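Colleague: I'll drop the sequence and a predicted model, then ask my questions.
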Amino acid sequence: MEDSLMSLCCSCVSKRIIFSLTAVSLLIVAMFMLAGHLATYTIFIADIYYLVFSGLLLLLDAIIFFFMFFQFICNRKLLFVAILGLGFLGADIYWVEVLVLIQEMIALCIPLKAITNDLAIFYLFRQLTLMSSFLIALFYARRMNQNIAPVGKDEALVLLLACIFLVMAISAHNLSSYNPQISLNLMGTRFANGRNAWNSYYGVAVVAAWFMTLVLTIVITQLRSLLWCSIAAFCVSSLFSNIILLNLNEYNFPVWYLSRGVEVVCTFFVIVVLLYDIFKMHKKSTMLSIHDPLTGIYNRAYFYQELQQLMVSRRPISLMIMDIDHFKRINDRYGHPAGDAVIKTVVALAKNAVREEDILARIGGEEFAVLLHDTPPTVAARIAERIRVEIERETAQGLAYRTPEPMTISIGLFCSSDKVFSADECISFADSALYAAKRAGRNRVMTST
């Protein structure tokens, strides 16, 4: 059993890894083909397009931050999610810098070529911010998976990282043309026509850093969740975007825009994954709100809701209330774990005896209810008797269901007639029949008259 479960988990992880890498690889192949096509032209896309790309990535990064921040607020154990979100928020600072720079360029009629070094600086520091947040998040995700106590307080760590990312943003600003005395030169003039190209030393370092981040993401997380699959896809797109920019035979802006377009797609992928996680958690929360945690069947609230809806629709129903006989003796003599095992056994046997469309619910400690739609009284009585016999027979000593002692169940049945009753009245009638079964000696079905 354990081996099959382990192989199933490995298969799921492998499928996620293959799916993520295949999807991103196809995207990158398309990017290379389009890049090769564009490299044969000397096309200059309008400056407004750069504003559009930058503004779009600014918005997407901000959305990712808010999604991750609120996810961390809902579950304070997900510290690595807060760190990832902080990285995207820090990356947004550089898009603000780029937007301001482009607006100044348009207003002053400065050629885009004149500010390419500043754009490269902000691009470099944005990547450093994201990579550092990914690596720190991996460290804390690994500690969480190993149930290692967190290092220090969560709030202090998040505040410290925010300060570090802010210092990096200030440093990037000062290393740009805003401060000519210490300006960093990332763009070298490689071509006869005077065009600039990405400095190979910085480019190789960034490519190596993204490759290391990708490998660590895959090794540490095994891509067990879609969130880490999206982060790995983001790493792959960033890795190959830098390779393209590093190996251009001539720097041209269409390829730069193309690499940003791939980043937009991968960033959008992260948002889709976060949205999927939200809906998945909502679905889980909804399922928990209507199911009993011990047995997995419906709970009292859901049962009453369905019963009230059926009574409003005035459809004929049959309702049975069931109670395990002498259950208190099981708890007193064998302990509560044995009592829980008995409850699970009774539920499993009752599920086998009822129909798929019937609603089986746990409405008390050892009390259960079954709601049967459009069921004549004779059929309902047969189903109730089938449940009783199934539990009595299967819990006998030596059979498959090894309960501490043979178990029986008493059932009270009520079938609605032409007269309209409220949900509380139906429950009261079935309860009266159940008490009659108890008084008559237990282990029997009694129908309300």
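Modeller: Yes, it's here. Remember, predicted model here, so these are calculated numbers, not experimental data.
Colleague: end to end, how far does stretch 108-124 reach?
Modeller: Length of stretch 108-124, first residue to last, Cα to Cα, to the nearest Å: 25 Å.
Colleague: tell me which residues of that stretch are tucked away?
Modeller: Under the neighbour-count criterion of 16 or more other Cβ atoms under 10 Å, stretch 108-124 has 112, 115, 116, 117, 118, 119, 120, 121, 122, 123, 124 buried. For the C-beta atoms, the positions are set from N, CA and C on the backbone; glycine is no exception.
Colleague: repeat for stretch 434-449
Modeller: When burial is assessed from 16+ other Cβ under 10 Å, stretch 434-449 yields the following buried residues: 434, 436, 437, 443, 444, 445, 446, 447, 448.
Colleague: sorry, back to before: would you list the buried residues of stretch 108-124 in TSV and tack on pLDDT?
Modeller: TSV is the format used below for those (pLDDT from 0 to 100):
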residue	pLDDT
112	65
115	77
116	78
117	82
118	85
119	83
120	84
121	88
122	90
123	87
124	90
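Colleague: ok, back up a step: pick out the most distant pair among the buried residues of stretch 434-449.
Modeller: Considering Cβ to Cβ, no two members of those lie farther apart than 443 and 448, which are separated by 18.3 Å.
Colleague: Can you say which helix or strand has the residue nearest in space to the middle of the chain in it?
Modeller: Compute the mean C-alpha point of the chain, and by Cα atoms, centre = their mean the closest residue is residue 277, 2.5 Å away. Here residue 277 is covered by helix 253-290, with elements defined by DSSP states H and E.
Colleague: go on, residue 330?
Modeller: Using DSSP H and E, the element containing residue 330 is helix 327-334.
Colleague: Following the chain onward from the helix holding residue 277, which element is next?
Modeller: Sequence order places helix 300-313 as the next helix or strand after helix 253-290, per DSSP H and E.
Colleague: Mind checking the pLDDT average for whichever helix or strand comes after that next one?
Modeller: If you walk from helix 300-313 toward the C-terminus, the next helix or strand you reach (DSSP H and E) is strand 317-324. Regarding strand 317-324, the rounded mean pLDDT is 93.
Colleague: Can you give me every residue that contacts the residue nearest to the centre of the chain?
Modeller: Taking Cβ atoms under 8 Å, 6 or more residues apart in numbering as the definition of contact, the neighbours of residue 277 are 71, 226, 227.
Colleague: As TSV, the buried residues of stretch 434-449 with distance to residue 319 and pLDDT would be great.
Modeller: TSV is the format used below for those (distance: Cβ to Cβ, whole Å; pLDDT from 0 to 100):
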residue	distance to residue 319	pLDDT
434	11	95
436	15	94
437	14	94
443	20	94
444	17	94
445	13	94
446	13	94
447	11	93
448	9	88
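Colleague: what residue ranges in this structure score low on pLDDT?
Modeller: 1-49, 112-113, 147-154, 187-200, 247-257, 397-400, 418-419, 449 (pLDDT under 70).
Colleague: Could I get the full set of helices for the stretch 1-150 of the chain?
Modeller: If DSSP state H, counting those that start in this stretch is used as the criterion, the helices of the stretch 1-150 of the chain fall at 2-38, 47-74, 79-108, 116-145.
Colleague: buried sites along the last one?
Modeller: If I follow you right, that is helix 116-145. Applying a neighbour-count criterion of 16+ other Cβ under 10 Å, the buried positions in helix 116-145 are 116-138, 140-141.
Colleague: Please check the contacts of residue 277 and keep the buried ones.
Modeller: 71, 226, 227.
Colleague: Which segments of this structure make up each domain?
Modeller: For the chain, the domain assignment from the TED database gives the residue ranges 45-290, 300-447.
Colleague: Provide the secondary structure category for residue 406.
Modeller: Taking DSSP: H, G, I helix; E, B strand; the rest coil as the rule, one finds residue 406 in the coil state.
Colleague: any idea how far it is from residue 325?
Modeller: Residue 406 sits 10 Å away from residue 325 when distances are taken as Cβ to Cβ, to the nearest Å.
Colleague: Which one of the two is surrounded by more residues?
Modeller: residue 325 (20 against 15; other Cβ atoms under 10 Å).
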